[in-house]
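In: model this:
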Amino acid sequence: MLKIKWGIISTARIGIKAVIPAMQKSSYCDIVAIASRDFDRAKQLGTMLNIPKSYGSYDELLADPEIDAIYNPLPNHLHVPYSIKALEAGKHVLCEKPIAVNVQDALKLLSVSQKYPHLRVMEAFMYRFHPQWDYVKDMIAKNTIGGITAIHSIFSYCNTDELNIRNVPEYGGGGLLDIGCYCISQSRYLLNNEPVRVFGKIDRDPKYGVDRLTNAMLDFGDETALFTCGTQMVNAQGVHIYGTHGRIDVKDPFTPNAELPAKISITNEKSRSMVEIMPANQYTRQGDLFSISILENKPLPFTLDDAINNMKTIDAIFKSSEEKGWVNIT
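Out: Take a look at the predicted model:
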């Protein structure tokens, strides 16, 4: 079976603990190289993860002609620069969310990608590849809860480590870019539409300067999405979808345990049920579908236009908080 040969730029925790092991279980991904600014660390982790090649710089990995695609989990402010470098080196790119730190940054990547139409670039919102969302969208399409009227979501954790990149503004830190982006993406994904305006209220850490708590309202016209994301509060996540005559509650919408069934509660005028979706690894499915797109010359599941629209909403929420009012999205 043909496989895409992958290189990993960065030894970020998400790659080491979640993405790489999952992609190594896939049918169409072959992880052949890993790079770090510290060669010894790259070599150590390469040995631990059974990755044959290790590099002491990202550019060295990008210059490897054997590599077809790269996974980019670098800090947010390096997503676009190194994704562009990868494209210029002839590599397909799967880049961690958020695709950029703002819309202007994302548009640079789009502009460069258009020079390489044979190369794929996709934002790695892995949650969309878990089968629980296929089920939820199917229930919505079957009118199980009627027309959607509102979506409420939350995603939070506690991180007060001043050395953590999520608490460094210059690195694209803060909760909205790190986890609020999931809540925005998820509401757009379910409604298959874009918000026309947003209202956001942001609380910034007085020491670090990053946003530590965001509450936002997204106006889709006929539907409304509300979310809370926080980086200095209790660990929590959940999505609640309200319809005209029912509701769907997703217990672990963004990081479900790959070894356990995902649980979805469906309540309508006739019944209430708890559905269990068979265990699945969303990182494995993401890697496979991206690789299949390359191997079979098929369109990607999600395009850069989708990533840019998510960034537009993020930018508008930041602006809304500053201006203390609604901001239209154009």
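In: excluding its backbone neighbours, what's nearest residue 2?
Out: Counting by C-beta to C-beta, 6 or more residues apart in numbering, residue 2 lies nearest to residue 295, which is 5.6 Å off, once chain neighbours are set aside. Quick note: C-beta positions are derived from backbone N, CA and C, even for glycine.
In: right, I mislabeled it, should have said residue 152
Out: Take residue 152 and drop its neighbours on the chain: the residue closest to it by C-beta to C-beta, 6+ apart is residue 240, 4.5 Å away.
In: quick one, phi/psi of that neighbour?
Out: In terms of degrees, to the nearest 10, the main-chain angles of residue 240 are phi -120, psi 120.
In: please renumber the chain so that the first residue is 33 from this point on.
Out: Yep, numbering from 33; the last one is residue 272 now.
In: for it, what are its contacts?
Out: Residue 272 is in contact with 183-185, 279-282, counting by C-beta atoms under 8 Å, 6 or more residues apart in numbering.
In: any of those buried? List them.
Out: Buried members of the contacts of residue 272, scored by 16 or more other C-beta atoms under 10 Å, are 183-185, 279-282.
In: residues near residue 251, how many?
Out: 16 (other C-beta atoms under 10 Å).
In: quick one: low-confidence parts of the protein?
Out: Residue ranges of the chain with pLDDT under 70: none are present.
In: state the distance from the residue nearest the centre of the chain to residue 338.
Out: Taking C-alpha atoms, centre = their mean, the centroid of the chain lies closest to residue 157, which sits 2.6 Å from it. Distance from residue 157 to residue 338, counting by C-beta to C-beta, to the nearest Å: 9 Å.
In: where do the strands sit along the stretch 133-282 of the chain?
Out: Along the stretch 133-282 of the chain, counting by DSSP state E, counting those that start in this stretch, strands occupy 153-156, 180-190, 229-236, 243-251, 256-262, 264-275, 278-282.
In: residue 61 is nearest to which of these?
Out: Nearest to residue 61, of all the strands of the stretch 133-282 of the chain, is strand 153-156, at 13.0 Å by C-beta to C-beta.
In: list the strands paired with the closest one, with their directions.
Out: In the sheet, strand 153-156 lines up against strand 124-128 (parallel) (DSSP bridges).
In: figure out how far the strand it pairs with is from the centre of its chain.
Out: Between the mean C-alpha location of strand 124-128 and the chain-wide mean there is a distance of 11 Å, by C-alpha atoms, centre = their mean, to the nearest Å.
In: tell me the contacts of the residue nearest to residue 34?
Out: 34, 36, 60.
In: state the distance from the second one to residue 230.
Out: Translated: residue 36. 37 Å.
In: now residue 96
Out: Distance from residue 96 to residue 230, by C-beta to C-beta: 42 Å.
In: what is the neighbour count of the closest residue to residue 162 other than its chain neighbours?
Out: Leaving aside its sequence neighbours, residue 162 sits nearest to residue 314 (C-beta to C-beta, 6+ apart; 4.1 Å). Burial of residue 314 is recorded as 23 neighbouring residues (other C-beta under 10 Å).
In: show the contacting residues for residue 314.
Out: 54, 158-162, 288, 290.
In: among the residues you listed, who's most crowded?
Out: That'd be residue 162 among the contacts of residue 314, by other C-beta under 10 Å, with 26 neighbours.
In: report the backbone C-alpha coordinates of stretch 303-317 in CSV.
Out: These are the backbone C-alpha positions of stretch 303-317, laid out as CSV (Å, rounded to 0.1, in the frame of the first residue of the first chain):
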residue,chain,number,x,y,z
SER,A,303,-37.7,10.5,23.7
ARG,A,304,-34.4,10.8,25.5
SER,A,305,-31.5,8.6,24.7
MET,A,306,-27.7,8.2,25.2
VAL,A,307,-25.8,7.1,22.2
GLU,A,308,-22.3,5.7,22.3
ILE,A,309,-20.1,6.1,19.3
MET,A,310,-17.4,3.4,18.8
PRO,A,311,-13.9,4.5,19.9
ALA,A,312,-11.9,6.2,17.2
ASN,A,313,-8.7,8.2,17.1
GLN,A,314,-9.4,11.5,15.4
TYR,A,315,-5.7,12.2,14.8
THR,A,316,-5.3,8.9,12.9
ARG,A,317,-8.4,9.6,10.7
